[in-house]
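Undergrad: Next input, structure requested:
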Amino acid sequence: MRLLFVAALALLGATRVMAQEVERWQITLNDGRIIWELQLVRMRGDTLVARHADSTYRFPLSQLDELRLVVKAERHQTPEPDRYGGVLNGADDEIYRLTLYSLPERREIIGKILKDHPPPSPDSR
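TA: Residues are numbered from 1 along each chain as shown. Below you'll find the predicted structure:
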């Protein structure tokens, strides 16, 4: 019985680690809408494909204003350098402002993002 309990705890821990490894993206569109909790899937032509839960979204690159990789932050009781009282403020997020870039430049930037942050394989969902 004890061995079964230990195995269940190990499995629960592995599931939590796998869940934490999923990168969460936020997309801001030119009209000001913000779409949260996305996983980037691929770029097809001039369209970025992303997933949220069971839904798949397609965003024309020309409509993207910003992509943000939301980094899980940890709150510390003691202040750290370059922090205000240990506050969680998104300072560790990776932000890609696309507003001033041309369509070919946006393609290049998003291609690099997908290379640096490869989408999860379909088996890992």
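
Undergrad: neighbours around I95, how many?
TA: Number of residues near I95 (other CB atoms under 10 Å) recorded here: 12. For glycine as for every other residue, the C-beta is placed from the backbone atoms N, C-alpha and C.

Undergrad: Can you tell me who the residue nearest to it when sequence neighbours are not counted pairs with across the strands?
TA: Spatial nearest neighbour of I95, chain neighbours left out: R68 (5.1 Å); criterion: CB to CB, 6 or more residues apart in numbering. R68 forms beta bridges with Q26, I95, as assigned by DSSP bridges.

Undergrad: Tell me how far R68 lies from T99.
TA: 13 Å (CB to CB, to the nearest Å).

Undergrad: Straight-line length of stretch 93-109, end to end?
TA: One end of stretch 93-109 sits 17 Å from the other (CA to CA, to the nearest Å).

Undergrad: Residues in a beta bridge with F59, which ones?
TA: According to DSSP bridges, the partner residues bridging F59 are L48.

Undergrad: got a list of what it touches?
TA: I27, L29, T47, L48, V49, A50 (CB atoms under 8 Å, 6 or more residues apart in numbering).

Undergrad: can you tell me the helix or strand for R106?
TA: R106 is part of helix 103-116 when elements are defined by DSSP states H and E.

Undergrad: T56 and L48 touch, don't they?
TA: No - using CB atoms under 8 Å as the test, T56 is too far from L48 to be in contact (11.3 Å).

Undergrad: which of those two has more neighbours?
TA: Using other CB under 10 Å, the more surrounded residue of T56 and L48 is L48, with 26 against 10.

Undergrad: can you tell me how far that one sits from I27?
TA: 8 Å.

Undergrad: what do you get for Q63?
TA: Distance from Q63 to I27, by CB to CB: 9 Å.

Undergrad: more neighbours, these two?
TA: Taking Q63 and I27 together and counting by other CB under 10 Å, I27 has the greater number of neighbours (21 against 14).

Undergrad: And for the nearest residue to that one once chain neighbours are set aside, the neighbour number?
TA: Excluding its sequence neighbours, the residue lying closest to I27 (CB to CB, 6+ apart) is I35, at 4.8 Å. I35 has 14 neighbours, counted by other CB under 10 Å.
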